[in-house]
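*Asks:* how would this look folded up:
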Amino acid sequence: MYKYLFLFICFTSFSQSGHRVKGKLIDSLNAEPLSFASIQIESKNQTGLKGQIADEKGLFELTNLRNDDYILKIQY
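*Replies:* Residues are numbered from 1 along each chain as shown. Sure, this is the predicted structure:
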């Protein structure tokens, strides 16, 4: 059986502290948050890598990102 993921992401930038990505991970089949899912973001040119674990509500936030193209990977 396949599980689908609904991902809400907000991209925000700050002039002094860099960019950030934050969002909420939700299972599209039952609308439950994906608690403690693993989030990984890496730049396309592979010069930077950051990771985090979502909280119990499926929320996450990655901060201090440079202006670049990124690949977002989520594992649950």
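*Asks:* so where is the chain shaky, pLDDT-wise?
*Replies:* 1-17 (pLDDT under 70).
*Asks:* wait, residue 42 touches residue 66, no?
*Replies:* No - applying Cβ atoms under 8 Å, one finds residue 42 not in contact with residue 66, separated by 11.9 Å. Just so you know, the C-beta spots here come from the backbone N, C-alpha and C atoms, and that holds for glycine as well.
*Asks:* identify the contacts common to these two.
*Replies:* Common neighbours of residue 42 and residue 66 (criterion: Cβ atoms under 8 Å, 6 or more residues apart in numbering): residue 48.
*Asks:* of these two, which one has the most company?
*Replies:* residue 42 (16 against 10; other Cβ atoms under 10 Å).
*Asks:* quick one: the more buried one from residue 27, how far?
*Replies:* With distances taken as Cβ to Cβ, to the nearest Å, residue 42 is found 24 Å from residue 27.
*Asks:* again, but for residue 51
*Replies:* The gap separating residue 51 from residue 27 is 21 Å, by Cβ to Cβ.
*Asks:* for the residue nearest the centre of the chain, helix, strand, or coil?
*Replies:* Nearest to the geometric centre of the chain sits residue 39, at 5.2 Å (Cα atoms, centre = their mean). Secondary structure assignment for residue 39 (DSSP: H, G, I helix; E, B strand; the rest coil): strand.
*Asks:* pretty sure it contacts residue 58?
*Replies:* No - using Cβ under 8 Å, residue 39 makes no contact with residue 58, being 10.2 Å away.
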